[in-house]
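Student: Return atomic coordinates for the entry below.
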Amino acid sequence: MKKLLNFSLLLLIILGSTQLHAQGNYKFGHINTNELLRLMPGREQAMADLERYTRELEETFVAMQQEFQTKYQDYLENQENFSQLVRQSRERELQSLNERIMEFQESAQEDLLAQEERLLSPIIEKARNAIQKVGREHGFTYIFDTSGGSMVFWENGEDIMPLVKVELGL
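Tutor: Okay, the predicted model is just below:
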């Protein structure tokens, strides 16, 4: 599927480039946005905050799992000594704890994604705005992101990283 997509993209580029030459001069640029984002001010702090938040969630998750394992082990070791009522009560408690663990895991994943969005969105938006401004100011028709690994370079394409760095004051 990916090869078909890459082939389709290449075919579109080849067909499109013949029309582009017929219509006029177009200026192509490229930038590695992953590299740019690594250079962005505030990124390291955002990543540190995200890592700290991830550790907090993991610690809570591990504590919940340990509590479950302790109670489950106690249940297994003593279930024969429990009355029917106590056994059922312990089973419901284990089931409830297991459900809370699963709910916590799902919520933690969603919350972590939201936290990542909250912390990184302003940085990404600032980079995007700088790329767009450089594109407009320098007359680029298209700017391609080379961080995806499937970039097709034109002979006359221009790396706009230095221009964007100047725009961002990096």
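Student: My guess is Gln115 contacts Arg52. True?
Tutor: No - at 10.3 Å, Gln115 and Arg52 do not qualify as touching, with contact defined as C-beta atoms under 8 Å. Bear in mind the C-beta positions are built from the backbone N, C-alpha and C, glycine included.
Student: tell me the mean pLDDT for the top helix by length along the chain?
Tutor: The helix that spans the most residues within the chain, counting by DSSP state H, is helix 84-137. Mean pLDDT, helix 84-137: 95.
Student: still on that earlier bit, okay, Gln115 and Arg52: which has more neighbours?
Tutor: Gln115 (16 against 9; other C-beta atoms under 10 Å).
Student: excluding its backbone neighbours, what's nearest the more buried one?
Tutor: Tyr53 (5.5 Å; C-beta to C-beta, 6 or more residues apart in numbering).
Student: And for the one you found, the neighbour number?
Tutor: Tyr53 has 16 neighbours, counted by other C-beta under 10 Å.
Student: sorry, back to before: now do the shared contacts for Gln115 and Arg52.
Tutor: By C-beta atoms under 8 Å, 6 or more residues apart in numbering, Gln115 and Arg52 have no common neighbours.
Student: Now the helix or strand hosting the residue nearest to Gln115: buried residues?
Tutor: Using DSSP states H and E, Tyr53 sits within helix 43-78. Under the neighbour-count criterion of 16 or more other C-beta atoms under 10 Å, helix 43-78 has 43, 46, 50, 53, 57, 64, 68, 75 buried.
Student: packing partners for that helix?
Tutor: Contacts defined by 3 or more C-beta pairs under 8 Å, 6 or more residues apart in numbering; DSSP states H and E place helix 43-78 against helix 84-137.
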